[in-house]
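Student: For reference, the sequence and a predicted model appear below.
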Amino acid sequence: MSGVRGFDLMAGLTSIEESAISHSGQEGILVSPGAKATVALSQLIFNTGAGLSVSGAGAEARISRSLVISNGVGLSNVSGVLESTGKNVVRGNGNSNLNVGTITAAGRQ
């Protein structure tokens with residue numbers, strides 16, 4: 001996948017599973033206000049911006065069992081909700097394995 005963003009989610013509910021999103025000019029996945037996303041068993045790699053970015057009040061994303069590697073930023077949350085089950089591999093992003101904002105640990109059932 002190439003271009004500006006892998007996915008630019010602006011409204012509704014989206015589930016992304018068993019996907020590879022790579023080499024985007026900005027975010028691999030951008031979740032904007034009014035959108036909710038679930039990412040599972042996926043690879044967010046080699047994106048110039050964040051692998052997964054949640055931006056704005058009302059934007060929500062959950063990520064589990066995914067690889068987030070070699071992006072400008074790993075996970076980014078700017079005033080939305082970003083939850084991780086903790087079963088993700090987030091490595092080699094930015095200068096110091098950078099994540100931005102609050103990443104909430106989500107409980108598993």
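Tutor: Structure's in. What do you need? Small disclaimer: the values here were computed from a predicted structure and weren't measured.
Student: show me the contacts for the residue most central in space within the chain.
Tutor: For the chain, Leu52 is the residue whose C-alpha lies nearest the centre (CA atoms, centre = their mean; 1.7 Å). Going by CB atoms under 8 Å, 6 or more residues apart in numbering, Leu52 touches 27-29, 31, 39, 44, 61, 63, 68, 74-76, 82. The way it works is simple: take the backbone N, C-alpha and C, and place the C-beta from them, glycine included.
Student: Let me know the distance separating it from Asp8.
Tutor: 12 Å (CB to CB, to the nearest Å).
Student: Met10: neighbouring residues, count only.
Tutor: Using other CB atoms under 10 Å, Met10 has 11 other residues around it.
Student: Next: Val90.
Tutor: Val90 has 21 neighbouring residues, counting by other CB under 10 Å.
Student: do the same with Ala37
Tutor: For Ala37, using other CB under 10 Å, the count is 22.
Student: re the thing from before, would you mind naming the helix or strand containing the residue nearest to the centre of the chain?
Tutor: strand 50-55 (DSSP states H and E).
Student: same question, Arg5
Tutor: Going by DSSP H and E, Arg5 is not in any helix or strand.
Student: tell me the contacts of it?
Tutor: By CB under 8 Å, 6+ apart, the neighbours of Arg5 are Ser24, Gly25, Gln26, Glu27, Gly28, Ile29, Leu30.
Student: And for Ser32?
Tutor: Asp8, Leu9, Met10, Ala11, Ser55, Gly56, Ala59.
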